[in-house]
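Peer 1: One predicted model, sequence on top.
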Amino acid sequence: MEHHHHHVRPDGELRLLLLPATAPTTPRDDDGAAATLFPPAQPPRDHPQLDLSLSIRIGPPPTPPPHTRTAPATAQAQAGQQKKASAAGFDVGDGGEDVRALKQQAAEQARLASAERAYAERVMELARRELEVAEREFARARAIWERARGEVHKVEHMKEVAAARRIGAAALEITCHACMQRFHS
């Protein structure tokens, strides 16, 4: 059994984690890097344990810690980031709106992916049908060719028989009466 966890961090980053029910969890780093669920030395069990994390940042990118900047510069930077976020379509004042917008965007992407998959399946089905039709037409053309080849062989055989009869008739005309008697006896 797997559990789905989502967590909105104070810096505005939304995390979606897919964790097995029996998997021990480890804390995440503050910088957003995912920690592994198991140390590499641990042997694998019957079912491999997976840590699938989806990290989506909502709003402006995080600012460096305040001790590295002066207070007026930080205020100016935050104002600039809020302008950028507002221009990008994010409401920096209400995290719920951002989450809703993100969910709508994810739903739209899922809908588009589903439509693309359905289109690809339809194209593959049409290609498969065209291949079947082409194979049937090829089999029909091959059968027609085989019949035509048989007819050609019959005609060639009839020509050979007719030629042999003509030769026989010509030989009878050339041969004298006595020779012809010997020829028929």
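Peer 2: Looks like it came in fine.
Peer 1: How about the secondary structure of residue 163?
Peer 2: Following DSSP: H, G, I helix; E, B strand; the rest coil, we place residue 163 in the helix state.
Peer 1: Equivalent analysis for residue 108, please.
Peer 2: Under the three-state scheme (three-state DSSP), residue 108 adopts helix.
Peer 1: Next, count neighbours for it.
Peer 2: Per other Cβ atoms under 10 Å, the neighbour tally for residue 108 reads 10. For the C-beta atoms, the positions are set from N, CA and C on the backbone; glycine is no exception.
Peer 1: what's near enough to touch it?
Peer 2: Counting by Cβ atoms under 8 Å, 6 or more residues apart in numbering, residue 108 makes contact with nothing.
Peer 1: Quick check: the gap between it and residue 114.
Peer 2: Distance, residue 108 to residue 114, by Cβ to Cβ, to the nearest Å: 11 Å.
Peer 1: try residue 144
Peer 2: According to Cβ to Cβ, residue 144 and residue 114 sit 45 Å apart.
Peer 1: got it, and residue 151?
Peer 2: Here the criterion is Cβ to Cβ. By it, residue 151 lies 56 Å from residue 114.
Peer 1: same thing with residue 166?
Peer 2: Distance from residue 166 to residue 114, by Cβ to Cβ: 78 Å.
Peer 1: again, but for residue 102
Peer 2: Using Cβ to Cβ, we find residue 102 at a distance of 19 Å from residue 114.
Peer 1: quick one: which of these two has more around it?
Peer 2: More crowded of residue 102 and residue 114, by other Cβ under 10 Å: residue 102, with 15 against 10.
Peer 1: that's a helix at the more buried one, yeah?
Peer 2: Yes. Assessed by three-state DSSP, residue 102 belongs to a helix.
Peer 1: Check it and give its pLDDT.
Peer 2: You'll see residue 102 listed with a pLDDT of 94.
Peer 1: what about residue 98, neighbour count?
Peer 2: Residues lying near residue 98 (other Cβ under 10 Å) number 20.
Peer 1: ok, residue 121 to residue 134 distance?
Peer 2: Counting by Cβ to Cβ - residue 121 and residue 134 are separated by 20 Å.
Peer 1: Revised request: answer the last question for residue 102.
Peer 2: Applying Cβ to Cβ to residue 102 and residue 134 gives a distance of 47 Å.
Peer 1: Residue 148 now?
Peer 2: According to Cβ to Cβ, residue 148 stands 21 Å off from residue 134.
Peer 1: OK, contacts around residue 181?
Peer 2: No contacts exist for residue 181 under Cβ under 8 Å, 6+ apart.
Peer 1: Tell me the spacing between it and residue 124.
Peer 2: Distance from residue 181 to residue 124, by Cβ to Cβ: 81 Å.
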